[in-house]
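In: Just the structure for this:
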Amino acid sequence: MLIEMKVANKQVIVVGGGEVGERKVQALLREGAKVTVASKDFTDYLSNLGKSNKINLKKIEKEPLSQIVGTLTDFDIIIAATDDEEMNIALSKQARSSKIPICVVDHPDICDFYFPATTDFGNLKIAVSTGGKSPAMASVLRKRLEKYVTKEDVLQVELQDYARKILRLKIKSSSQRKKILYEIMEDNQVSTFIKEDKLEEAKKIAEEIINKH
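Out: Have a look, this model is predicted:
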């Protein structure tokens, strides 16, 4: 089962400052997480983020695990992205004992969650997960699916969000709200305005449909 985790304003530590850690940091920042990276070394990109105070950098000199374990409980989420398997496993065990969700890169059997391959189209996202078994294949499939997403799909998401907010105030029945949302989605006038990139006009038709119920 694929669950979207909200990480905005969550304290996340990424252990590992290499290219893999860098990719995870990029994804986390896009979602508004507050990121700390702990590592012996950092990529230039991560170093620059640290200098501009966009992330916190924690330099590890010796006995890295012992330096990190004491601070793990300060974080909501842990990402283990080192090339030291023993350390990744130890971090996983410590995270479990502290009841903190952890993702161990390239080690799906000791992960609590995975990073799916994603593409954002505003509020519309495409996410493909292989349960951590093949990130490369997830990326290939994501790129295939991207080709099928149109601007009309993105605008329809905006319209549905607008309509849902109105419906929550007017209609208590979730099944009835769902029925009306589909009615809006399938309406010919709405479809025409969406194709013409006229979202405001489509909203007016949606309101008219809602007011009929």
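In: Correct me if wrong: residue 50 contacts residue 37.
Out: Yes: with contacts counted by Cβ atoms under 8 Å, residue 50 reaches residue 37, the gap being 7.5 Å. For glycine as for every other residue, the C-beta is placed from the backbone atoms N, C-alpha and C.
In: So which bits of the longest helix along the chain are buried?
Out: What stands out as the longest helix in the chain, according to DSSP state H, is helix 151-170. Applying a neighbour-count criterion of 16 or more other Cβ atoms under 10 Å, one finds 154-156, 158-160, 162-163, 166-167 buried in helix 151-170.
In: tell me the least confident of those residues?
Out: Within those, residue 154 has the lowest pLDDT, namely 90.
In: from memory that one sits against residue 120, does it?
Out: No: with contact defined as Cβ under 8 Å, residue 154 does not count as touching residue 120 (10.0 Å).
In: can you tell me which residues contact residue 209?
Out: Contacts for residue 209 were tallied using Cβ atoms under 8 Å, 6 or more residues apart in numbering; they are 180, 183-184, 187.
In: For it, report the pLDDT, please.
Out: pLDDT, read off for residue 209, is 94.
In: Can you give me the distance of it to residue 201?
Out: Distance of residue 209 to residue 201, given as Cβ to Cβ, to the nearest Å: 13 Å.
In: about what we covered before: run through the neighbouring helices and strands of the longest helix of the chain.
Out: Helix 151-170 makes packing contacts with strand 124-128, helix 174-186, helix 188-195, helix 199-211 when contacts are defined by 3 or more Cβ pairs under 8 Å, 6 or more residues apart in numbering; DSSP states H and E.
In: quick one: contacts of that helix?
Out: So helix 151-170 is contacted by 121-124, 177, 180-181, 184-185, 190, 194-195, 197, 199, 202-203, 206-207, 210, 213 (Cβ under 8 Å, 6+ apart).
In: export the contacts of residue 209 to TSV and tack on distance to residue 3?
Out: As requested, the contacts of residue 209 are arranged in TSV below (distance: Cβ to Cβ, whole Å):
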residue	distance to residue 3
180	27
183	29
184	27
187	32
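In: Which entries within those meet the buried criterion?
Out: Buried members of the contacts of residue 209, counted by 16+ other Cβ under 10 Å: 180, 183-184, 187.
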